[in-house]
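Asker: Next input, structure requested:
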Amino acid sequence: MKYRKKPVVIEAIQWTGTNLEEMRKFMNKNKPAWGSESYPDALYIYTLEGTHRADIGDWIIKGVQGEFYPCKSDIFEQTYEIANEKPKIICLCGSSRFVAEMAIIAWSFEKEGYIALGLHLLPIGYKTDVVDHLAEAEGVAAQMDALHLKKIDLADEIFIVNKNRYIGESTKREIEYATRLKKPIKYLESVG
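Answerer: Have a look, this model is predicted:
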């Protein structure tokens, strides 16, 4: 059986070998010891499982029950990301012909705790004679394009829904705009 780690926010500080006072303040009553004959730059942490050594570059984590423990830098980077006060905002870009796929992808992102911005999937029966490019059909294409650029402005990351590797002219402009803003861009399907 497989398990996924529950998303929890932790506090952590990286041991640099020169920030002993910062560590002591962070760990409060659980004062770490510094150095030994064998490991002069190590930090020793007292845990429920005994004393653990943290080397320079390791992270000291305060767990969910207030306990402290060291974590190797590569493991920390694979396991944790910076917790923002606000959820990450992801703007979905792609052809309006993929609006159903975008709705599913947006739902997946929101289940992970992200805010998803993009096109809207309208209910069956709304303008049933228009399959895609509804904005053009209603005469609001320029307005919707400008609004979508504002969504990109708000976003922390851009996700391109390029089903079958299709990227239309509007989406190309959005990618260029996001690139100028130095927004991270990810793709549904590889573009190489």
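Asker: Give the lowest-confidence helix or strand of the protein, using mean pLDDT as the measure.
Answerer: Least confident helix or strand of the chain, by mean pLDDT, DSSP states H and E, is strand 33-34 with a mean of 72.
Asker: Please, where are all the strands along the protein?
Answerer: With DSSP state E applied, the chain shows strands at 11-14, 33-34, 43-47, 50-54, 59-62, 68-71, 89-94, 115-117, 157-161, 185-187, listed in chain order.
Asker: So which of those strands has the densest surroundings on average?
Answerer: strand 89-94 (a mean of 24; mean count of other C-beta atoms under 10 Å). All C-beta atoms are positioned from the backbone trio N, CA, C, and that covers glycine.
Asker: How far does stretch 87-107 sit from its chain's centre?
Answerer: From the chain centre to the centre of stretch 87-107 is a distance of 16 Å (C-alpha atoms, centre = their mean, to the nearest Å).
Asker: Ok, stretch 63-70 next?
Answerer: With C-alpha atoms, centre = their mean as the basis, the mean position of stretch 63-70 lies at 23 Å from the chain mean.
Asker: contacts for that stretch?
Answerer: Residues outside stretch 63-70 that contact it (C-beta atoms under 8 Å, 6 or more residues apart in numbering) are 8, 10, 15, 27, 30, 43, 45, 47-48, 52-54, 58-62.
Asker: How about stretch 143-163?
Answerer: With C-beta under 8 Å, 6+ apart as the criterion, stretch 143-163 contacts 88-95, 98, 101-102, 105, 109, 117-118, 135, 167, 170-171, 173-175, 177-178, 181, 183-189, 191.
Asker: go with 6 Å
Answerer: Residues outside stretch 143-163 that contact it (C-beta atoms under 6 Å, 6 or more residues apart in numbering): 88-94, 98, 101-102, 117, 135, 177-178, 183-189.
Asker: From the opening residue of it to its closing one, how far?
Answerer: The stretch stretch 143-163 measures 25 Å between its terminal residues, going by C-alpha to C-alpha, to the nearest Å.
Asker: So which bits of that stretch are buried?
Answerer: 148, 151-152, 155, 158-162 (16 or more other C-beta atoms under 10 Å).
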